[in-house]
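In: make a model of this:
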Amino acid sequence: MDAIEVRLGPRIQVVGPSCAGKTTLAAELARRLNSDFLELDALFWRPGWQEPPAGEFAATLVAATSGERWVAAGNYTRHTVPLYWTRLTTVVWLDFPLRRVTPRILHRSWRRWRANEYLWGTNYERFWSQLKLWSPKDSLIAYGVKNRQHMRTRFLDAMAAPELRHIHWIRLTTPAQVRGWLAELDRSEP
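Out: Have a look, this model is predicted:
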């Protein structure tokens, strides 16, 4: 077991708002730990941006997290908390402010839309819908504004929940903190 796994454990989830860098960080941690990488958006979305039936997604999550070593990127707390958080060893919470993630949403969506980048379940990026600030169903910006406090409360409650006391929480609030934390992990390598 290497020094990073000793610090983080074998089952890690990276959570936070859209465009905070969950996928990038989780993929990097999985690479460093030689663990499976699970992108929850890829497991969730069906063609045409359709949501799967709840039972189907639950079965997919149970199967994907049945192993001993993995790093997951994404929230989906309504599904993940009851299904596997009792097995998590670490949660890395990218608690970035809206002023940080909103420009990232626009930039990423514009870049993906212009490149016609393939995403999950045969889906492609939709840029113009991000500007529907009145519609959390269509716009990640509106979704982030509407759900920010709920998400923060949910994570703060999870940090204090007796049944989840075993989870090591790492809360990072800026990209500079993420870079510093990764550098610290590098220094802990033998």
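In: got phi/psi on the residue nearest the centre of the chain?
Out: Note on the chain: the residue nearest the mean C-alpha position is G74, at 2.4 Å, using C-alpha atoms, centre = their mean. Main-chain dihedrals, G74, degrees, to the nearest 10: phi 140, psi 170.
In: roughly how far apart are it and L133?
Out: 23 Å (C-beta to C-beta, to the nearest Å). From N, CA and C alone the C-beta is placed, and that goes for glycine too.
In: try E163
Out: 37 Å.
In: where does the chain have low pLDDT?
Out: Within the chain, the stretches with pLDDT under 70 are 1-6, 189-190.
In: the longest helix in it is where?
Out: Longest helix in the chain, counting residues (DSSP state H): helix 140-160.
In: only C-alpha atoms, please: export that one in CSV.
Out: Provided in CSV are the C-alpha atoms of helix 140-160 (Å, rounded to 0.1, in the frame of the first residue of the first chain):
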residue,chain,number,x,y,z
LEU,A,140,-26.1,24.2,-14.9
ILE,A,141,-25.8,27.8,-13.8
ALA,A,142,-29.4,27.9,-12.6
TYR,A,143,-29.1,24.4,-11.1
GLY,A,144,-26.0,25.6,-9.2
VAL,A,145,-27.7,28.7,-7.9
LYS,A,146,-30.8,26.8,-6.9
ASN,A,147,-29.1,23.9,-5.2
ARG,A,148,-25.9,25.4,-3.8
GLN,A,149,-27.1,25.8,-0.2
HIS,A,150,-28.9,22.4,-0.2
MET,A,151,-25.7,20.7,-1.4
ARG,A,152,-23.6,22.4,1.2
THR,A,153,-26.0,21.6,3.9
ARG,A,154,-26.2,18.0,2.8
PHE,A,155,-22.4,17.6,2.9
LEU,A,156,-22.1,19.4,6.2
ASP,A,157,-24.7,17.1,7.7
ALA,A,158,-22.9,14.1,6.3
MET,A,159,-19.7,15.2,7.9
ALA,A,160,-21.5,15.2,11.3
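In: buried ones in that helix?
Out: Across helix 140-160, burial judged by 16 or more other C-beta atoms under 10 Å covers L140, I141, A142, Y143, G144, M151, R154, F155, A158.
In: relative to E184, which of these is nearest.
Out: Within the buried residues of helix 140-160, the smallest distance to E184 is 21.8 Å, found for F155 (C-beta to C-beta).
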